[in-house]
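Colleague: the sequence and its predicted three-dimensional model are supplied below.
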Amino acid sequence: MSVTSQARRVVAPVARPLRRAAVGLRTRGWAPHSHLFVEQEAAEWVLSYEARQLTRIATLLGVELGPRGWARGVAGQSIFHLSQFTLLLHDFDRADNNLGLAYFHGRPGTPGMPEFDACFDTMRRRHAEIARIQVTNREMEALVRSTGIAEGKVHRIPIGIDTAVFRPRDDASRRAARARFELPESAFVVGSFQKDGVGWGDGLEPKLIKGPDVLLAVAERVAAQVPELHVLLTGPSRGYVRAGLDRLGIPYRHAFLPDVDAVAEVYPTIDLCLVASRDEGGPRAVLESMATCVPLVTTRVGQAADLVRHGENGWMVEPEDVDGLVEWALHVAGAPSADLEPVLAAGRATAEDTSYDALRPRWRALLDGFVTLPDA
């Protein structure tokens, strides 16, 4: 054990009570469960965005929010974790708080993902100490309920979309975006907007649940029939895919963006949004592409399985179905725009029905009894 680790083991048992006592002085007089604290993983760009949206919704519902950074010191309040990993991977102390969490994805038994097993085991053993769980799709809802948790604690609320930011593209926005990202007007551009490498570095080791190997297999076969195929990538840790595209000789651009809202600026550039994942909580790209009226071809993962109606508002195949992904990607590439328009319009309607504002009643139901809500 390192000196640093030894020091932490000595200091932590003392530091935690001192920190809680200091915060307790500042929160003296607060009614029980009168304030909501939103916890997130600092490095997670999507979870930071979801934290911002939950904070906005809670404010609109009249919830009193606790200051950021205080959650680990308070007692008798309400703490919602935007990831199961910030709570269930630790030996948490309930401290009379109402504890809630988002359980986006993570089936136990997933190869190479032991943290999924650890989270599920903790939830199974300690579900009585958890007051609320948000799941984004039916599959995760069934998994969480299999622990025996009380029915009223589990709320299915998809990862939403801001339809005011993610707007339908048009010819002008397409031309401007192509110029900005230096993509040919005549190219057929496939977008892949997710983190699919391990860690936060170059991402040369593939994160297989995100399907980067499937993405490359599809790109190779589509490129054989669509000569001017280009790929647009966003997100960190895309080294494995970039190396694969280099090897295949497929032109690509990798856009580094400052935040999730900026992702809306790349959608007018692309002709197809491709999701090749094996497992997902969202993915966000499902609603992002629908909201921007970009054709979507996805595997049946996460909330895609609940939201996509094959051939009506997008196209969906089973995970690892390279043949199916290629088939529908080529369908989009070869279809007249008039044939795609009804699908794109239906996708936009799905996005509007799943906007953050449309989901506000579901969040109110989750927060009711978890934290103090003003009378309706």
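Modeller: Noted; the coordinates are in hand.

Colleague: Leu60 versus the spatially closest residue to Asp162 that is not a sequence neighbour, what's the distance?
Modeller: Nearest residue to Asp162, sequence neighbours excluded (C-beta to C-beta, 6 or more residues apart in numbering): Tyr356, at 5.9 Å. For every residue, glycine as well, the C-beta is placed using N, CA and C. With the distance defined as C-beta to C-beta, to the nearest Å, Tyr356 ends up 10 Å from Leu60.

Colleague: who has more neighbours, those two?
Modeller: Under the criterion of other C-beta atoms under 10 Å, the comparison of Tyr356 against Leu60 puts Tyr356 first, with 19 against 13.

Colleague: state the distance from that one to Arg56.
Modeller: In this view, Tyr356 and Arg56 are 8 Å apart by C-beta to C-beta.

Colleague: equivalent analysis for Gly239, please.
Modeller: For Gly239, the distance to Arg56 equals 34 Å [C-beta to C-beta].

Colleague: again, but for Asp117
Modeller: When C-beta to C-beta is applied, the distance between Asp117 and Arg56 equals 34 Å.

Colleague: one more: Val214?
Modeller: Applying C-beta to C-beta, one obtains 35 Å for the distance of Val214 from Arg56.

Colleague: quick one, which of the two is more surrounded?
Modeller: Neighbours were tallied for Val214 and for Arg56 using other C-beta under 10 Å; the higher tally belongs to Val214 (22 against 14).

Colleague: test my guess that the more buried one contacts Val275.
Modeller: No: counting by C-beta atoms under 8 Å, Val214 does not reach Val275; the two are 9.8 Å apart.

Colleague: what do the two both touch?
Modeller: Common neighbours of Val214 and Val275 (criterion: C-beta atoms under 8 Å, 6 or more residues apart in numbering): Thr299.

Colleague: need phi/psi at His331.
Modeller: Geometry field for His331 lists phi and psi as phi -60, psi -50, criterion degrees, to the nearest 10.

Colleague: neighbours around it, how many?
Modeller: Counted with other C-beta under 10 Å, His331 comes out at 16.

Colleague: report the spatially nearest residue to it, omitting neighbours in sequence.
Modeller: In space, His331 comes closest to Trp315 once its chain neighbours are excluded; the distance is 7.2 Å by C-beta to C-beta, 6+ apart.

Colleague: I'd guessed that neighbour sits against Val326; true?
Modeller: No: taking contacts as C-beta under 8 Å, Trp315 lies outside contact range of Val326: 11.4 Å.

Colleague: what comes up buried for the host helix or strand of Asp339?
Modeller: Of the helices and strands defined by DSSP states H and E, Asp339 is found in helix 337-353. Buried residues in helix 337-353, defined by neighbour count with 16 or more other C-beta atoms under 10 Å: Leu340, Val343, Leu344, Ala346, Gly347, Arg348, Thr350, Ala351.

Colleague: list the contacts of the third one.
Modeller: With C-beta under 8 Å, 6+ apart as the criterion, the residues that contact Leu344 are Pro168, Cys293, Val294, Pro295.

Colleague: for Asp321, see how far away Ser83 is.
Modeller: When C-beta to C-beta is the yardstick, Ser83 and Asp321 sit 29 Å from each other.

Colleague: between these two, which one's more packed in?
Modeller: In this view Ser83 and Asp321 are compared by other C-beta under 10 Å, and Ser83 has more residues nearby, 23 against 17.
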